[in-house]
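Asker: Quick check, what structure comes out for this input:
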Amino acid sequence: MRLSNLADYAVVTMSAAARHCGGGRTSAAELARETGLPAPTVAKLVSKLVAAGLLRSTRGAGGGLQLARPAAAISVADIVEAVEGPIALMACIDGGDCVIEHDCSVKPHAGLVNGALRGALAGIPLTRLARQEVIA
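Answerer: Model (predicted):
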């Protein structure tokens, strides 16, 4: 399983936004410059992240973007779900097409698998990704 590029870019964008915590607001253009992502992509992501309640946008003089809640209270799962929707490794849990659904012995356990995946991503706070140094 691999996340979409948009989900990857959302995590990168939110990590950059988190590095502005305490330093005032930033802009989508600034986040694009800092991350090297195309400005239209960052603008699209900002829209989704604001709609999900992860970023706050303020208009006017002194306006800009800031995290909507503390970085420690935002997880990778929150960011991915803001862009991709619910995290699921197994599509059959939400009615996805499957040719073996009628004989599948794994489907009853799909919630367990999907929950474990979401739990792993929920356990990674944005504060950890916003650090400049890598911590394993």
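Asker: what about the residue nearest to Asp78 when sequence neighbours are not counted, how many neighbours?
Answerer: Leaving aside its sequence neighbours, Asp78 sits nearest to Leu54 (Cβ to Cβ, 6 or more residues apart in numbering; 6.2 Å). No exception for glycine: its C-beta is placed from N, CA and C like everyone else's. For Leu54, the count of nearby residues is 23 (other Cβ atoms under 10 Å).
Asker: how close does Leu54 get to Pro70?
Answerer: Remark: distance between Leu54 and Pro70 (Cβ to Cβ, to the nearest Å) = 11 Å.
Asker: which stretches of the protein have low pLDDT?
Answerer: The model of the chain has pLDDT under 70 over residues 1, 22-23, 91-97, 101, 132-136.
Asker: Okay, the residue nearest to the spatial centre of it and Leu126: tell me how far apart.
Answerer: Nearest residue to the geometric centre of the chain (Cα atoms, centre = their mean): Ile79, 1.7 Å. In this view, Ile79 and Leu126 are 7 Å apart by Cβ to Cβ.
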